[in-house]
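In: Just to be clear, the model below is a prediction. Sequence and coordinates:
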Amino acid sequence: MFARFAAALAAMIAVVTASNILVQFPLNADLGPLHLGDFLTWGAFTYPFAFLVSDLTNRFDGPKRARAVVVAGFAVALCLSAYLSTPRIAIASATAFLIGQLLDIAVFSRLRNRFWLVPPLGASLLGSLLDTALFFSIAFAPAFSFIDQFFGASDSSLGMAAPWLGLGAPVPLWLSLASGDFSVKFLAALLLLVPYRVLMNAVMPLRGVTAAA
């Protein structure tokens, strides 16, 4: 059990730390008329794996163990993120990560006895939606620029206008990035059902694991 917990913790820390760095880099590529940098960052492709880690831990060992992975991962990732990225990114990431993951665990636990794909899909989508809203607003919305000022850092607000998802009406860039980020997370939640299904029976859950655990 300890080895499984250590593996989940290491995976969570790796995913969150990588995502904190990669979210600062928009995709510098074009897809036909779309400039992907207007609504996507590299972090959108790595962060959904955090939900896979917490959902598998929840399934195998119950919500208490899943929350322990989230809290421990939150503490270590916050320290690493503060070193590897800006204070504002670290605060935004830590806040969004903790709240989004705890929501994911709560929803998964409530749905755990439903058809196998309902718990991970429902939990990941709701957790991702809240995580995305919190992260991009705190990290890049001009309303939170006081965080940069407090730490004496350069303003990281992304208030300049960009076409929404590369095609729509002009909106603040951070809002377009948030929309693109959630779109990728939505697709990732569907694709990650495959490894979830493969791994869900690879390790037997603890006896007595229930939604109330």
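Out: Received it, and whenever you're ready, just let me know what you need. Source: prediction; values computed, not measured.

In: For the longest helix seen in the chain, give the mean pLDDT please.
Out: Using DSSP state H to define each element, the chain has its longest helix at helix 87-111. Helix 87-111 shows a mean pLDDT of 92 in the predicted model.

In: Against which helices or strands is the helix or strand following it packed?
Out: Using DSSP states H and E, the helix or strand that directly follows helix 87-111 along the chain is helix 118-140. Using 3 or more C-beta pairs under 8 Å, 6 or more residues apart in numbering; DSSP states H and E, the elements in contact with helix 118-140 are helix 48-61, helix 87-111, helix 173-191, helix 193-199. Bear in mind the C-beta positions are built from the backbone N, C-alpha and C, glycine included.

In: Skipping its backbone neighbours, what lies nearest Pro87 in space?
Out: Phe151 (4.3 Å; C-beta to C-beta, 6 or more residues apart in numbering).

In: How about Leu84?
Out: Distances taken as C-beta to C-beta, 6+ apart put Ile21 closest to Leu84, at 5.7 Å, once the chain neighbours are dropped.

In: Likewise for Ala133?
Out: Ala178 (6.9 Å).

In: Now do the contacts for Val76.
Out: Ile13 (C-beta atoms under 8 Å, 6 or more residues apart in numbering).

In: measure it to Lys64 for me?
Out: The gap separating Val76 from Lys64 is 19 Å, by C-beta to C-beta, to the nearest Å.

In: re the thing from before, wait, the residue nearest to Leu84 sits on Leu80?
Out: No - using C-beta atoms under 8 Å, Ile21 makes no contact with Leu80, being 9.6 Å away.

In: Quick one: residues contacting the residue nearest to Pro87.
Out: Counted by C-beta under 8 Å, 6+ apart, Phe151 has contacts 86-88.

In: Ser156 should be in a strand, yeah?
Out: No - when classified by DSSP: H, G, I helix; E, B strand; the rest coil, Ser156 is found to be coil rather than part of a strand.

In: distance of the closest residue to it other than its chain neighbours from Trp174?
Out: Among residues not flanking Ser156 along the chain, Arg88 sits closest, at 5.4 Å (C-beta to C-beta, 6+ apart). Using C-beta to C-beta, Arg88 is found at 12 Å from Trp174.

In: Nearest residue to the middle of this protein?
Out: Tyr47 (4.4 Å; C-alpha atoms, centre = their mean).

In: Correct me if wrong: that residue contacts Lys185.
Out: Yes - between Tyr47 and Lys185 there is a contact under C-beta under 8 Å: 7.1 Å.

In: Could you find the closest non-adjacent residue to Ser85?
Out: Of all residues not flanking Ser85 in the chain, Asn20 sits nearest, at 5.0 Å (C-beta to C-beta, 6+ apart).
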